[in-house]
Each structure stands twice: as structure tokens, then as C-alpha cells.
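*Asks:* got a predicted model here, sequence first, then my questions.
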Amino acid sequence: MAHHDHVHPHQNFAKSDAEQVDPHGFESGHKHGHVILPVMTLRTVLTLLLVLTAATVFASRAEHWAQQFFHIVLPGWVNVVVALSIAVVKATIVAMYFMQLRYDNPINSVIFLFCLFGVILFMGFTAMDLGVRNRIYTWKAGEIIQGGTGGSHINRYEKKDDGTEERVAPSQPLYLHARNRLLEKVGAEKFNELEHEAHLHAGAHAKPDATSPWPNMANQSRPRSGTTPGLFDTAAPADSHAAPSHSETKPAH
Amino acid sequence: MSTLPAHSTSFGDAPLWKKYQAANHYRSKEEEFDACKLGMWLFLTTEVLLFAGIFVGYAIFRMLYPEAWANGSAYLDWRWGGLNTVVLLLSSYTMAVSIHHAQLNNQAALKRNLLITVLCGAAFIAIKLTFEYIPKWSAGKAPGGSFFAYPFATDPHEPLWWGIYYCGTGIHALHVLIGMCLIFWVYLKARKGHYGPHHYTGVEVVGLYWHLVDLIWIFLFPLLYLIG
């Protein structure tokens, strides 16, 4: 390699010299974004965009004509879907050819797509909220029932006049719903039997076992004390205007 | 041992694009070009998100007040919106073509296409003002608050529609104006010979901005003019 030390600076480099000055190959193999698009391609893209513009206008006009002359009423979402689909196709063509993302360093496409993911997120959550409110409102309209209705788990359907079924909010508390469900299932006699049996063994109706070191404590409330003095006091809080009782922690007046 | 070629500055009367050297903190013009484009794309994402806010606002109010949106859309004439779409698409085409000519060192075609692009932008603004903004605003079709004064509105939420309309198209028109200024600046630099096969970063990056403006209009046009 010694003879390389004497290479004249203006002399053309041999390959080994090029590797010496550019060991990581930064100067080579780095041709992103330097594609020369033929004018013919650009013209084709422009024509396509103009045709798609005409198509989207025609689609929306066709909806009006169908309504006006043939009394065909298309649902509103048809035109929205058609118009926005064409817009997405047009935008993709612009981004790929005019903005050259197709030939560009892929990182630029990744950045752009990630941003569009954000846009979809905004739109999606907005639609998720507003799109279902008509369903939510009937549920929210029910009066507040203590213990909750378990609304989202109990499906009740009522037949409407047109024969379709509509999901309606449950009108009774969850515990009554559970009770009535068993009552319907087993009949009154069996139900009473089961209820009697259940009350013998559990809950507030069971007799505390005096011999157990862990008495049944359901429905019992006991005063507690913890690390913060007075935090769990069951007595009414001291009148704030009264003289402080913890005089040792506060300066005397 | 120095085997690096000396940076030649002895181009004499060579055009500026031939003399161009990348800034010191880049290894090469290639790397500088890529970095500039990456930066531009990052900026464009913030632009997309800016308009996304407006589009989400549009979607919310459309879902809440569909009648007002149908009325509002019917007030707009799709022919002006369509004409402006064609104008913007043409300008996007001439912008892409000017990059093509910069790459091939067709200086006259580069300058011509940049100028056409600026003129298309001007035509867009002129059509918007003459046939849309001015007649509508003077008829009272203006955003709510102290501006709305249209006496024949049939839906209480129509002032809101005009708010979204002017906000969306107004911020877009502002971008058209800024883009026109930038392209004219690129045109002035092109006249001095700054852009050519080795160096056309300015044309490329401003072009990206201009195409994004076109991209936004591709969505604004159907949303405002076509779907009622």
C-alpha cells in the first residue's frame, strides 16, 4: 500500500483509494429521490387525475338526477363513500407520482403513512363516539337505579310496530332481574324452598357463630383506627370554630 | 496522508448549480438533498394534522347537524369548485414538470413551468375570491358571531357550516398564497441559474409543499361541494 502515499491529489482514484476515502460507501448506492420522471408519465398522471375529478362530480350529479327524474333516493352514505374513495385514489396518485414517494427513500412514505394513521385515529374515535350516540341515548335515558341495571349484559328486545326488534334498556335493578329469572325458571314453590335454604347458610340472615374466631362480619360496621389519627373516627367531625383539642401540636392562642 | 480530492472552485463562468457545494455538515449533496426532503416530509405531516383538525370538526358537525350541512353544500356551486380543482391539478403537473426540466438542465422550460404554476395559484385565488368568497360574504353567508347575516337560512346551524367552510378553504387559500410566494422565490433563483441537474433541492422541496396543498384540496372539494 506504500505507493498510494504518493498518489497525486488530482489523479483519478483507483477503486481501493475510493474505498479508503469513503470506507462506509456513503458516496455510492445512494440514489433515492433522483428519478427523472418522463413528461409522458406526468401527463398520464394528470389525465388520470382529471378523469377521476370528472368521475366524482358525475357521481354526485347522478345522485341528484336519479332523485329528480327517476325518484330514486339513494342513501346518503353512497355518495360519501364514492366521493371519498375517489379522493383517496387521487391523493394516492399525487403522493406516489407528483410527490415521487414511489421512487423515494421509503422513510418518507413511512413518516407520511404514520401521520395518516394519526388522522384515521382522530376520525375513528370521533365516529365511534358520535356514530353510536342514538343507541347510547336510549340506554342513558333510563332512570338511575340503585345497584345498577347490569344494562350492558342483559339484552332485552321489544318488538316495534314494523316488526323489527329494538334493544331496550332494562328497567329493574340487577338483583331483581336475577331473582325473577330464577323464579321464572323454577316456579314459585321451588323458589321459596331454595330461598329458605340459602338464607340458612349465608349473608346477613345467617346467625353469627359465637364459637368461631372469625365471626361473620357482613352488615357489621365497626369503628377503625389507622395510622392517621382520627381518619376513621365515626363520631361527627369536630367543629372547626371550636378551640383545637390537639393543643400540643398547635401554638397556643 | 491526504487522498481526498481538492474541492475545485475554479468553474469560472459555470452556472451556479454547478458550483453548488453541500453545507459543511453534510458528507455530500446527495445526503443534504435527502435530509432536506426528510425535513420537508416531517413538516408536511404537521400540515396534514392541521387540516385533520378541520376535517374532524367537519365530521363532528356533519354528524350532529346533517340538515345544516346539506343546506350549506347546496349553497356552493360545484362548477367553481370543480374549475379550481382542475386549476390546482394543472399547477401540480407543471410543478412536477419543472423538477423534470431542472434535472435535465432545460433552464427555459424550468422557468416557464414555475411561472405557470404561480399563475395557476393566482387563478385559483382569483376564482375563489370573485365567484365564491365575495358574493357569499356580501350575501351574509359568513361564519357565525357578528358575521352571519343570511336572512333565508332554514337551519339554525348554518352559521356553523360557514365557520367550517371559511376555516377550511381559508387556511387552504393561505397555503396557496404561501406556496405561490415560495415558487416565485424559486423562479427568481432559477433565473440566476441556481438549479440544475446537480442541485435542485429548492424546486423539489417547494414542489412537495405545493403538491400537499393540492392534496388537501382533493379532499376539501368533495367534502364541501359534492356530498350534501
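*Replies:* Nice, I can see it.
*Asks:* just the strands in the chain please.
*Replies:* I'll assume chain A. Along chain A, the segments classed as strands by DSSP state E run A:156-159, A:165-168.
*Asks:* for chain B, find the nearest of these.
*Replies:* Proximity to chain B (CB to the nearest CB) singles out strand A:165-168 among those, at 21.1 Å. To be clear about C-beta, it is placed using only N, CA and C from the backbone, and glycine gets the same treatment.
*Asks:* and the closest one, what does it pack against?
*Replies:* helix A:133-141, strand A:156-159 (3 or more CB pairs under 8 Å, 6 or more residues apart in numbering or on different chains; DSSP states H and E).
*Asks:* and stretch B:33-53, how far out from the chain's middle?
*Replies:* Average the C-alpha atoms of stretch B:33-53, do the same for its chain, and the two points are 13 Å apart (CA atoms, centre = their mean, to the nearest Å).
*Asks:* that one vs chain A: in contact?
*Replies:* Yes: Stretch B:33-53 is in contact with chain A by CB under 8 Å from any CB of the partner chain, via B:33, B:34, B:37, B:38, B:41, B:42, B:44, B:45, B:48, B:49, B:52, B:53.
*Asks:* ranking the helices and strands packed on strand A:165-168 by mean pLDDT, which is last?
*Replies:* If those are sorted by mean pLDDT, helix A:133-141 sits at the bottom with a mean of 65.
*Asks:* and the helix of greatest length in chain A with chain B, contact?
*Replies:* For chain A, the helix with the greatest residue count under DSSP state H is helix A:39-69. Yes: counting by CB under 8 Å from any CB, chain B has neighbours in helix A:39-69: A:39, A:42-43, A:45-46, A:49-50, A:53, A:56-57, A:59-61.
*Asks:* just the strands of chain A: most buried one?
*Replies:* With neighbours defined as mean count of other CB atoms under 10 Å in any protein chain shown, those peak in mean count at strand A:165-168, which reaches a mean of 12.
*Asks:* check the average confidence over it, would you?
*Replies:* 73.
*Asks:* repeat for stretch A:178-198
*Replies:* Stretch A:178-198 shows a mean pLDDT of 87 in the predicted model.
*Asks:* which parts of that stretch are buried?
*Replies:* Residues A:183, A:191 are the ones in stretch A:178-198 that count as buried (16 or more other CB atoms under 10 Å in any protein chain shown).
*Asks:* run through who's touching that stretch.
*Replies:* residue A:172 (CB atoms under 8 Å, 6 or more residues apart in numbering or on different chains).
*Asks:* could I get that stretch in CSV with only the CA atoms?
*Replies:* Output in CSV follows, covering the C-alpha atoms of stretch A:178-198 (Å, rounded to 0.1, in the frame of the first residue of the first chain):
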residue,chain,number,x,y,z
ALA,A,178,-81.6,-12.2,38.8
ARG,A,179,-84.4,-13.1,41.3
ASN,A,180,-87.1,-13.0,38.6
ARG,A,181,-85.1,-15.0,36.2
LEU,A,182,-84.8,-17.9,38.7
LEU,A,183,-88.5,-17.5,39.6
GLU,A,184,-89.5,-17.9,36.0
LYS,A,185,-87.2,-20.8,35.6
VAL,A,186,-88.1,-23.0,38.6
GLY,A,187,-91.5,-21.8,39.7
ALA,A,188,-92.7,-20.2,43.0
GLU,A,189,-92.7,-23.3,45.1
LYS,A,190,-89.2,-24.4,44.3
PHE,A,191,-88.0,-20.8,44.5
ASN,A,192,-89.2,-20.4,48.1
GLU,A,193,-87.6,-23.6,49.0
LEU,A,194,-84.3,-22.5,47.5
GLU,A,195,-84.5,-19.1,49.1
HIS,A,196,-85.2,-20.6,52.6
GLU,A,197,-82.2,-22.9,52.2
ALA,A,198,-79.9,-20.1,51.0
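*Asks:* quick revisit: buried ones only from the residues of helix A:39-69 next to chain B, please, as a PyMOL command.
*Replies:* In PyMOL, a selection of the buried entries from these looks like this (16+ other CB under 10 Å):
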select buried, chain A and resi 42+45+46+49+50+53+56+57+59+60
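*Asks:* how about residue B:83, secondary structure?
*Replies:* What DSSP: H, G, I helix; E, B strand; the rest coil gives for residue B:83 is helix.
*Asks:* now it, nearest residue through space, not along the chain?
*Replies:* In space, residue B:83 comes closest to residue B:127 once its chain neighbours are excluded; the distance is 6.2 Å by CB to CB, 6 or more residues apart in numbering or on different chains.
*Asks:* ok, residue B:61 next?
*Replies:* Nearest one to residue B:61, counting by CB to CB, 6+ apart, is residue B:160 at 5.6 Å.
*Asks:* lowest-confidence helix or strand of chain B?
*Replies:* helix B:16-19 (a mean of 85; mean pLDDT, DSSP states H and E).
*Asks:* which other residues reach that one?
*Replies:* Applying CB under 8 Å, 6+ apart, the contact partners of helix B:16-19 are B:9, B:11, B:192, B:193, B:194, B:195, B:196, B:197, B:198, B:199, B:200.
*Asks:* now the buried members of those.
*Replies:* Buried among those by 16+ other CB under 10 Å: B:194, B:195, B:196, B:199, B:200.
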